[in-house]
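Q: 3D model of this:
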Amino acid sequence: MAEDAGKGFGSVMFDALTMAREAKQEIDGHEKICAERYDNINKQIAEIKSGMAAQFAEVKSDVAAKFGEVKKILAWAGVTMLAIIVGALSWSLQQQWAAQKSENERAAMQISLLRSQLTAIRGMPVIPVSPNATLPGATAPVVQEEPTDAGR
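A: Residues are numbered from 1 along each chain as shown. Got it, this is the predicted structure:
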């Protein structure tokens with residue numbers, strides 16, 4: 001301040017004005033650099049966004065393709081499971097029918113054997129009656145009754 005005391009008011013004003021201009025030039029230069037930096041940052045952000053959008057579109061199409069493949073696999077799996085179930089049921093029914101046929105044949109042989117034994121014991125032939133025969137007007141199958149001791 002002692003130096004400033006020897007200077008005049010005009011000189012101090014001139015120095016202050018010079019300092020203000022220099023400061024303004026520095027600020028303007030700084031603003032220019034910051035503007036360039038922000039432009040570069042905005043460009044980089046835009047590039048990142050467009051790259052991300054392209055990658056997202058690619059991933060989306062890949063996922064759609066894979067989902068289509070999974071749907072095909074699931075459809076084939078469903079058809080295969082249905083075929084397995086139908087095959088298992090038909091095999092089971094065939095086994096049941098074969099077992100029933102075998103049981104019917106065994107029962108028919110036993111009936112035949114019992115009839116021949118009864119014929120041998122009684123000394124007279126037994127009238128064969130089919131298991132499903134019905135009398136005229138009757139709804140139930142004919143059942144052949146064995147004679148009792150009182151009826152002999």
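Q: how far out from the middle of the chain is stretch 73-88?
A: With Cα atoms, centre = their mean, to the nearest Å as the basis, stretch 73-88 stands 14 Å off its chain's centre.
Q: give me the element the residue positioned nearest the centre of the chain is part of.
A: Residue closest to the average C-alpha location in the chain (Cα atoms, centre = their mean): residue 74, at 6.6 Å. When secondary structure is defined by DSSP states H and E, residue 74 falls within helix 9-122.
Q: work out the gap between that helix and the centre of the chain.
A: 10 Å.
Q: now it: average pLDDT?
A: The average pLDDT within helix 9-122 is 91.
Q: next, count neighbours for residue 118.
A: The burial count assigned to residue 118 is 14, neighbours taken as other Cβ atoms under 10 Å. C-beta coordinates here come from the backbone N, C-alpha and C atoms, glycine included.
Q: should've said residue 104
A: Neighbours of residue 104 under the rule other Cβ under 10 Å: 11.
Q: then the one 3 residues further on?
A: Residues near residue 107, counting by other Cβ under 10 Å, number 11.
Q: over to residue 115?
A: Other residues close to residue 115 by other Cβ under 10 Å number 16.
Q: that one and residue 121, how far apart?
A: Using Cβ to Cβ, to the nearest Å, one obtains 11 Å as the distance from residue 115 to residue 121.
Q: got it, and residue 85?
A: Residue 85 sits 53 Å away from residue 121, taking Cβ to Cβ as the criterion.
Q: what of residue 108?
A: Separation of residue 108 from residue 121 (Cβ to Cβ): 20 Å.
Q: could you do residue 11 as well?
A: Using Cβ to Cβ, residue 11 is found at 158 Å from residue 121.
Q: more neighbours: the two, which one.
A: For residue 11 versus residue 121, neighbours defined as other Cβ under 10 Å are more numerous around residue 11 (11 against 8).
Q: so what pLDDT did residue 125 get?
A: Looking at residue 125, its pLDDT stands at 60.
Q: now do residue 1
A: Residue 1 is assigned 49 on the pLDDT scale.
Q: same check on residue 135?
A: Residue 135 carries a pLDDT score of 49 in this model.
Q: now do residue 132
A: Per-residue confidence (pLDDT) for residue 132: 61.
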